[in-house]
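Undergrad: No sequence on hand, only this structure:
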């Protein structure tokens, strides 16, 4: 007799055949991608006007000033810069300006930044990822700018510029890039920095601040109505007619508005909802698909957030995870987290233990990220503590932690608090005597 709950293997051939016969949701799904540059950018006229005003002189071969663009994630900073770059190219008859984009969260060292600029101009990887003296690359880059770009303007766009500003050699590379024109004969450069952090310049050398100039453009967050307008225009390009049910766009806009007006999140949510409808062979995208998309994206966000946390924060979370596995009553207090964290760091060379206050700071950060909850509770004469609970399924969290090399080994640790041959007396753990 066959068990109805018996596992059935996934038939990929059948799935693809069914998919190809199903309804076509998208007309151009790339219109919902962050890299897509639309014909118009709603609710960014003021910022476009400011950047256009500062870069217009490039149309006559003159050098635009260096500038900084500030604003929270998803406020259209990069999209606006790319939009303006396309418009400048359309109105330039000769010597069309060059635009080199550098994502500083990925290309974050002075060497790699110079190598990326050089390789982008030359069109191939002539400079290896490591190995050459930086001053040699810099000298070669100066010669290449004059030889290849000649009398034109080269815009260097440093996206997430704060990632290098606070890193090793950050002041030096920014100073070099902002003063390139002093060492060039024909080519001229203009640096455009993009940042989510208004105060990132506080850590910069005064010389760098002076070279960056005082041309600053601030991008405000979008409200729900503005996000709705953006989604409506993109949806007409991305989806086939009559695919979106009523309320889908407004729900995506409302959910993204809660995330500090993040247009990128709104577009991602709408695309994900369409892909879920497509996956289940539905003819329309509904509010239910949006809610499912929100759930899936939050899980994706959790994975990225945990993997991007500092090692010490990951160890604090690992301590909570281990306690949740071994504690049958599922009651985790901040003092226990401190002890398990100390046990883990004692097994890791070069990693120091933290104070209770610092552990508490990391716990608060995990609460703000929505990974755990921590309810403060009075313990009478013993003071106060935090009752901690995981917000997600421990098995899901375990899979994320297993994918982090420095954490993986610690997952096999058995906390002393739960070992049968250990006992706690006055917040100290001792081995039981036979």
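TA: Sure, I can see it. Keep in mind the model is a prediction, meaning the values are calculated, not measured.

Undergrad: Please identify the helix or strand for the residue most central in space within the chain.
TA: The C-alpha lying nearest the average C-alpha coordinate of the chain belongs to residue 304 (C-alpha atoms, centre = their mean; 7.8 Å). Residue 304 is part of helix 287-308 when elements are defined by DSSP states H and E.

Undergrad: which residues are in contact with that helix?
TA: For helix 287-308, the external contacting residues (C-beta atoms under 8 Å, 6 or more residues apart in numbering) are 245, 247-248, 251-252, 255, 265, 268-270, 272-277, 282, 314, 317, 369-371, 392, 396-397, 400-401, 403-404. Any C-beta I mention is one placed from the backbone N, CA and C, and that applies to glycine too.

Undergrad: Only the buried subset of these, as a PyMOL command please.
TA: Selection of buried members from the contacts of helix 287-308 for PyMOL, criterion 16 or more other C-beta atoms under 10 Å:
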select buried, resi 245+248+251+252+255+265+268+269+270+272+273+274+275+276+277+282+314+317+369+371+397+400+401+404
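
Undergrad: So which of the contacts of helix 287-308 are in helices?
TA: 248, 251-252, 255, 265, 268-270, 272-277, 314, 317, 396-397, 400-401 (DSSP state H).

Undergrad: could you show me where the strands are in the stretch 301-434 of the chain, in order?
TA: Here the stretch 301-434 of the chain has its strands, by DSSP state E, counting those that start in this stretch, at 332-333, 372-378, 384-390, 422-425, 428-431.

Undergrad: what's near enough to touch residue 169?
TA: Contacts of residue 169 by C-beta under 8 Å, 6+ apart are 109-110.

Undergrad: and it, what pLDDT?
TA: In this model, residue 169 is scored at 76, pLDDT.

Undergrad: cool, and residue 26?
TA: So residue 26 comes in at 97 (pLDDT).

Undergrad: same question, residue 430
TA: 41.

Undergrad: let's number from 9 now, not from 1
TA: In the new numbering, first residue 9, that becomes residue 438.

Undergrad: quick one: low-confidence parts of the stretch 159-308 of the chain?
TA: Residue ranges of the stretch 159-308 of the chain with pLDDT under 70: 174-175.

Undergrad: run the last query once more with 90
TA: 168, 170-180, 187, 204-223, 266-269, 303-308 (pLDDT under 90).

Undergrad: Would you map the strands across it?
TA: Taking DSSP E, counting those that start in this stretch as the criterion, the stretch 159-308 of the chain carries its strands at 161-167, 196-203, 224-227.

Undergrad: which residues touch stretch 351-371?
TA: Under C-beta under 8 Å, 6+ apart, the answer for stretch 351-371 is 319-321, 323-324, 326-327, 342-343, 345-346, 349-350, 380, 382, 394, 396, 414, 418, 421, 423-424.

Undergrad: same thing with stretch 151-164?
TA: With C-beta under 8 Å, 6+ apart, stretch 151-164 has contacts from 63, 66, 69, 71-72, 93, 103-108, 110, 125-126, 129-130, 185, 188, 192-200.

Undergrad: 6 Å instead?
TA: Stretch 151-164 is contacted by residues 66, 103, 105-108, 129, 192-199 when judged by C-beta atoms under 6 Å, 6 or more residues apart in numbering.

Undergrad: Repeat that for stretch 94-105.
TA: By C-beta under 6 Å, 6+ apart, stretch 94-105 touches 66-67, 159-161.

Undergrad: quick one: which of these sit in helices?
TA: Per DSSP H, the subset of those in helices is empty.

Undergrad: List buried residues within those.
TA: Applying 16+ other C-beta under 10 Å to the contacts of stretch 94-105 flags 66, 160-161 as buried.

Undergrad: Please tabulate the residues you listed in TSV, including the columns distance to residue 333.
TA: Below are the buried ones among the contacts of stretch 94-105 laid out as TSV (distance: C-beta to C-beta, whole Å):
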residue	distance to residue 333
66	60
160	61
161	59
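
Undergrad: Out of those, which is nearest to residue 115?
TA: Of all those, residue 161 has the smallest distance to residue 115: 21.6 Å, by C-beta to C-beta.

Undergrad: Show me what that closest one bridges to in the sheet.
TA: Beta-bridge pairing for residue 161 (DSSP bridges): residue 196.

Undergrad: if we can go back for a sec, identify the farthest-apart pair in the contacts of stretch 94-105.
TA: 67 and 159 (13.3 Å).

Undergrad: how about the helices in the stretch 59-208 of the chain?
TA: 85-98, 118-130, 142-152, 170-173, 178-186 (DSSP state H, counting those that start in this stretch).
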